[in-house]
Every structure is written in C-alpha cells, then in structure tokens.
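*Asks:* here is my input; please provide its structure:
(chains A and B)
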Amino acid sequence: MTASIQRLGRTALGVIREMGRMALFLAKAVGYFFLPPFRPRNLLRQIHFIGLRSLFVICLTAVFSGFVLSLLGYYTLSRFGSSGLLGPAVAFSVIRELGPVLSGLMVTGLAGSALTAELGIMRIREQLDALEIMGIQPVQYLVVPRIQAALISLPVLTMIFDVIGILGGYVEAVHLLGMSGGTFIGAIELGMTDIGISLVKAVTFGLIISWVCTYKGFYALRGAEGVSQATTSAVVLSSVLILVSDYFITSMML
Amino acid sequence: MTAFSPDMAASVAGSRSRIGQQLVEAGVVSIGQLQEALRLQPVQRGKGDLIGSILVELGYLGQADLLQFLFQQFRKERLAYQVVPAEEGIIEFRGIEKILDGRRVLDGIDLVIPRGKITAVIGVSGGGKSVTLKHMVGLMKPTRGSVLVGGRDLATLSTKELSQVRRRFSMLFQGGALFDSLSVFDNVAFPLRETTGLSEEVIRHRVERALKEVNLAGMGGKFPDDLSGGMSKRVALARALVTEPEILLLDEPTAGLDPIIENAIHYLICDTFMRTRLTMVLISHAVPDIFNWCHHVVALHQGKVLESAPSWAIAQSENPVIRQFIRGDLEGPIQVI
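*Replies:* Numbering: from 1, shown residues only, chains lettered A, B, ... in the order given. Below you'll find the predicted structure:
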C-alpha cells in the first residue's frame, strides 16, 4: 500500500516536473522572439518545411473529408426533408471543426514528427552542444523559427483545408448526389466569427505542435531508441492536446 | 646554427614567427627564404603562425619535412616540460562534484589545466572524462564546487557572459557533430557566419585556409555523409580552428580510426599546436602512445583525479589503477567484468 502511494507520488511529481520544464522551455523560446539576432532565412526555410511538406496531404484530406461530410449529411438531412441545409452543414463543420483539427493532426503526423526526429538526432549527435560552444543559443537558433513557422503555416493550411473541404462537399453534393449547386452554395451563411474561431484554433494547434515536438526532440534521450520514443510521444501528446484544446475552445466560443 | 642579424631578428620577432626562427636556427631554410616568406605573411589573416605553410608553398620546404621538423620541436618542448612543468593554469576545477541520475560521476575534483600546453585526460570508460570536459566549457553545471576559466567562475556568469567565455573555446566532438545538411565548406564557415560580422570574402579565405591546414583543400563541396571517419574528424577540427580559439577541447579525436589515421590525427594535432600555441585538452584511450603527444596527463578513475602530472611521470606511475590501465591488464584493481 505504502509502496503504491509512493509510486503514485513519484509519478505525480514527475508529471509536474515535466510540465514545469515544458513551460520554461516555451517561455524561453517566446522570450527569444524579440531578441536579436533575427534569422529570417531560417524562418522561411521552416515555413517551407512545415507548410509545403503538409500541403499535398492537407488538400487530399480536405477533399475526401468534404466528400464524406456531404455524403453522410445528405442522407441524414434528406430523412427529415432538410437536404437544402447540406451546404451550411458542410461549411460550418469544415470551418469550425474539421479544418483546424484535421490540419493540426496532419501537420503533427507529417512535420511535427520530423521536427522531433531532426532535433533528437541533433541532440544525440552532439550538434546542440556544438552550437552552444560556438556561442549560439540552440533554442533561439533551432526552436524559435520552428514555432514561428508553425504559427504562420497552420492558419494558412487551415484556410486551404476549409476552401478545398467545402469544394469537395460541393462536388459530392452537386455532381454525385444530384443536388442543385445554387441550393448548396446559396444557403451558406458564414460570419467573421466562424472564420475567427477557425483561426484561433489553427494558431493554438500550431503552437501546441511546434512546442511539444521541439521540446520532445530537444530533450530526447541518448540513442536511436530515445529519438524513436521522443517522436512517438511527441505525436501522441500533440494529438491529444489538439483534441482537448479543441473541446475547450469550442465550448468557450460557441 | 644560423646567426640572426639585428635587423633580421627584429623582423622575425615582429612577425611573431617562432617557427620561422626555429627553422632558420636549425638550418632548414635560409634567412633569405624566411625573409621572402615573411613578406607574404602580412597578407594572411589570423593568429596562426603560417610561415611554415608559406615556405612549403614557395617550394623551400617539403610538407613532410615541415611536419617532421614541427614534431621534433614539439618533442624538445615536451621533454623540457617534463623537467620544468608550467605553473600557470587556464582552467581550474575546485572541489567539483557532479551527480547524474543519482550516481556520483565526479567526486570532489581539484584540477588545473596548464595554459598553452596539450593535456590528455585518460581513464576507463565511465570514469567521468567526457563529463569533466563538458564542465570546462559550461555545458554541464557542477552539483558542487566551481569551474574557473581564466580566473572567472562559470557559475557566476550571465548567459551573455557565458557565451563570451565559450567563444574562447572550440570543441571537437567524438562523432564530429557536423551538420548533415551543410557542405564541408558551410560546416566550417558556420560559426563565422553565425557569430561574427565578417564579410563573405574573409570567411571564404579563412575557411579555405582552415581546410588546407587539415589537408582537405578542395573538399569544401562534399557533404558529411560522403566523408570517411578520419576526414570527418579533420573537418570537425577545421571547424574548431577556424574561429581561432584560445582553448581547444578534443573528445576522443582518434576513436574508431585505424592506427595510420590515428597517427595522422596525432601529427595534425601536434602541427596545429605548434602553429597556434593553443591550450589543448584531449580525452584519449590511445595509451601509451598519447604520452608522446602531450605535455601533461590527468588520470581519472571513478570520478576522482588519481594523478595530474607531466606525461612522463604518469607513464612511470606506481599507482596500480594507472599501471593496469596503461598495460591493459585484465587483472588488477579495475574490475573488467
């Protein structure tokens, strides 16, 4: 009994310590946002890496999400004779929910895992130590441009997802299910709030992905197994945090 | 031995070319040849003594002859150090303790690294050598005690001040720590581009010189994946030297290399030392060979300094742990299995 309580206490302390270390890591990185030297080339390279690397998969996911949403929505709504509401249902779901969440999850799987693995390998090959000895702060040089790039890329990717997702829904409804194009588009009424919520979510998810993935890579343990564990843990933690924060943002902004 | 005229002596002294003076004194090159080389010296930048390289370029001296000469000079100086060790230290450990994951890795280390000499740190694996090296440059903080570099306690420095102190150092990591995505040239240029405001032309000049010094001239376009172990170590050495540090730390520079490349790296270290007069601290398992390549040896075991003395004294040590380590005996105080 005492041993179990001790184990529980140790685990709880470990979790609190880890959370504190993660918070300090983020605070340090955000502090460097405003300190020179600024390296715009590094930032552009990371935007290219995170944005372009994920673009094709985002587009593909968006098209098929639109298809599925339209298909299921049509059959559900037509039971109640409300198939005319399909356009708003698809647009609302894509913009408020599927766009940011699926973009976040796709970026986590594609770019996030690569960020962790890259930093983890740099850690085990002592490249981070080498930077420190050269008088270069590894957090400023490696982490800051990655976080900034994610904060810029995620909203853009989410917007692309939103547009392509709605277009996918349109193609499915109009060309495959025989619905009128005017009915689908005409009924869509979206306000700035909807787009605003989508962007708030995208920025939050961008921060979560880049923060968790760079942190896990930065503190990867020695050896290939350490990098592998860090990558898995980064993807799982980022995905879970995306879904949890999505719920809270949605509840607050409904 | 060639006598210097007052003018020539002033010229040599002004150029700070110790090697040039020694080459003339040994009759390897003439005063006229040295004067010609000295005329070319001012156009070169940097702190290193380049007279030897310039004499090689002018055809007055073969590369192998220069290396042999430098090694002979080094041997003389090393032997002199065995009799009269230097008293001035550049790095000092005062009662350093380090506990990692509940294990005491360093246990009250007191140590002085002599300025302008090559110091080898030896000991069995897991004895705290790499941790000691990382404490020297502030990559690790001691659990107790203080590390002084040039008299300044690293623990009391701000991040900015620590960065400034670190710029006095360079380090050659065991695996090289080269950036895979950058070419050899860009790897060597990296610290200059990121930490100095030098123009690209000056950087190109210094990188090419550094690559030439490690016998990798013309290899700048290659990538780390294309290089052999020995070549990677030489690129890493060029990167470490290009910033013209005051202290060079080398973590097992010959680990995993064949005996010929190992010897070549030792010659290169010796050559670099003679030209730059850096303080060098290297971790090595190449005993007893390493005693021929360094002035001073620190023997570590189980986180404690067993002995810190001129290399000859360590080679002759009566300490049973050191003796077993040098001889590679399976039986003795060091438990192998």
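
*Asks:* what about the helices in the chain?
*Replies:* Answering for chain A, as no chain was given. A:2-32, A:40-47, A:53-79, A:86-93, A:99-107, A:113-124, A:127-133, A:138, A:144-171, A:181-186, A:192-218, A:223-253 (DSSP state H).

*Asks:* wrong one, I was asking about chain B
*Replies:* B:6-15, B:18-25, B:31-40, B:51-58, B:63-83, B:129-136, B:159-166, B:184-195, B:200-213, B:229-242, B:259-276, B:311-315, B:320-327.

*Asks:* buried deepest among those, which one?
*Replies:* Burial among these, expressed as mean neighbours by mean count of other C-beta atoms under 10 Å in any protein chain shown, is greatest for helix B:229-242, which shows a mean of 24. Backbone N, C-alpha and C define where each C-beta goes, glycine included.

*Asks:* CA atoms of that helix as PDB?
*Replies:* What follows is helix B:229-242, C-alpha atoms only, in PDB (Å, rounded to 0.1, in the frame of the first residue of the first chain):
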ATOM      1  CA  GLY B 229      35.700   8.800 -40.200                       C
ATOM      2  CA  GLY B 230      39.200  10.400 -40.400                       C
ATOM      3  CA  MET B 231      38.100  13.000 -42.900                       C
ATOM      4  CA  SER B 232      35.000  13.900 -40.700                       C
ATOM      5  CA  LYS B 233      37.400  14.400 -37.700                       C
ATOM      6  CA  ARG B 234      39.600  16.600 -39.800                       C
ATOM      7  CA  VAL B 235      36.600  18.700 -41.000                       C
ATOM      8  CA  ALA B 236      35.500  19.000 -37.400                       C
ATOM      9  CA  LEU B 237      39.000  20.100 -36.400                       C
ATOM     10  CA  ALA B 238      39.000  22.700 -39.200                       C
ATOM     11  CA  ARG B 239      35.600  24.000 -37.900                       C
ATOM     12  CA  ALA B 240      37.000  24.100 -34.400                       C
ATOM     13  CA  LEU B 241      40.100  26.000 -35.500                       C
ATOM     14  CA  VAL B 242      38.500  28.500 -37.900                       C
END
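
*Asks:* output the contacting helices and strands for that helix.
*Replies:* Judged by 3 or more C-beta pairs under 8 Å, 6 or more residues apart in numbering or on different chains; DSSP states H and E, helix B:229-242 is in contact with strand B:169-172, helix B:184-195, helix B:200-213, helix B:259-276.

*Asks:* same list (these) but as a markdown table, adding mean pLDDT and distance to chain A.
*Replies:* Below are the helices and strands packed on helix B:229-242 laid out as a markdown table (pLDDT from 0 to 100; distance: least, C-beta to the nearest C-beta, whole Å):
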| stretch | mean pLDDT | distance to chain A |
| --- | --- | --- |
| strand B:169-172 | 93 | 5 |
| helix B:184-195 | 94 | 4 |
| helix B:200-213 | 90 | 14 |
| helix B:259-276 | 85 | 17 |
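
*Asks:* so which of the helices of chain B is nearest B:Glu97?
*Replies:* Evaluated over the helices of chain B, closeness to B:Glu97 peaks at helix B:129-136, with 10.5 Å, by C-beta to C-beta.

*Asks:* what parts of the stretch 1-150 of chain A come near chain B?
*Replies:* Neighbours of chain B within the stretch 1-150 of chain A, by C-beta under 8 Å from any C-beta of the partner chain: A:Arg125, A:Glu126, A:Gln127, A:Asp129, A:Ala130, A:Glu132, A:Ile133, A:Met134, A:Gly135, A:Ile136, A:Gln137, A:Tyr141.

*Asks:* tell me which two of these sit farthest apart.
*Replies:* Greatest spatial distance among the residues of the stretch 1-150 of chain A next to chain B (C-beta to C-beta): A:Arg125 and A:Gly135, at 19.4 Å.

*Asks:* mind giving me JSON lines with the helices of chain A and columns for mean pLDDT and mean neighbour count?
*Replies:* Shown next, in JSON lines, are the helices of chain A (pLDDT from 0 to 100; neighbours: other C-beta atoms under 10 Å in any protein chain shown):
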{"stretch": "helix A:2-32", "mean pLDDT": "93", "mean neighbour count": "12"}
{"stretch": "helix A:40-47", "mean pLDDT": "93", "mean neighbour count": "15"}
{"stretch": "helix A:53-79", "mean pLDDT": "94", "mean neighbour count": "18"}
{"stretch": "helix A:86-93", "mean pLDDT": "93", "mean neighbour count": "22"}
{"stretch": "helix A:99-107", "mean pLDDT": "97", "mean neighbour count": "26"}
{"stretch": "helix A:113-124", "mean pLDDT": "95", "mean neighbour count": "22"}
{"stretch": "helix A:127-133", "mean pLDDT": "93", "mean neighbour count": "23"}
{"stretch": "helix A:138", "mean pLDDT": "94", "mean neighbour count": "19"}
{"stretch": "helix A:144-171", "mean pLDDT": "96", "mean neighbour count": "23"}
{"stretch": "helix A:181-186", "mean pLDDT": "87", "mean neighbour count": "15"}
{"stretch": "helix A:192-218", "mean pLDDT": "95", "mean neighbour count": "22"}
{"stretch": "helix A:223-253", "mean pLDDT": "95", "mean neighbour count": "16"}
